[in-house]
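[1] missing the sequence, but the structure's below:
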């Protein structure tokens, strides 16, 4: 939503309504939600909450249980879902998948490794 704000008669500016950032989840976080009552799936880099839905799924609950807490993108695209099923996904969407970050060594350890490398080098070369 855009709101026009006037200050006096000579100037105006556009302000956009503040939007909340989209929640993000790692694969490790999604993996913690792998039971019928707490069942999340990843489909096309989005995280969805299907808790309690598996038993109602027209194709059966087994597919949900086998993919609970995992990436179900291939299974979703391999099956022929009706158009209305795709439309219902947005209501179950929790947020976006982000790749797990690489854990960096603390700077002191990196410095130590670099120092050891320098000690092994010949200065005459």
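    Alright, I've got the coordinates. Treat the numbers as computed from the prediction; the structure is a model and nothing was measured.

[2] so what's residue 71 bridging to?
    In this entry, residue 71 is beta-bridged to residue 42, by DSSP bridges.

[3] contacting residues for it?
    27, 41, 42, 43 (C-beta atoms under 8 Å, 6 or more residues apart in numbering). Bear in mind the C-beta positions are built from the backbone N, C-alpha and C, glycine included.

[4] tell me the pLDDT of it.
    What the model reports as pLDDT for residue 71 is 97.

[5] repeat that for the one 10 residues further on.
    According to the prediction, residue 81 has pLDDT 84.

[6] now do residue 58
    At residue 58, the model reports a pLDDT of 88.

[7] quick one on the thing from earlier: give me the buried subset of the contacts of residue 71.
    Neighbour counting by 16 or more other C-beta atoms under 10 Å classes 41, 42, 43 among the contacts of residue 71 as buried.

[8] closest to residue 80 among the residues you listed?
    residue 43 (15.0 Å; C-beta to C-beta).
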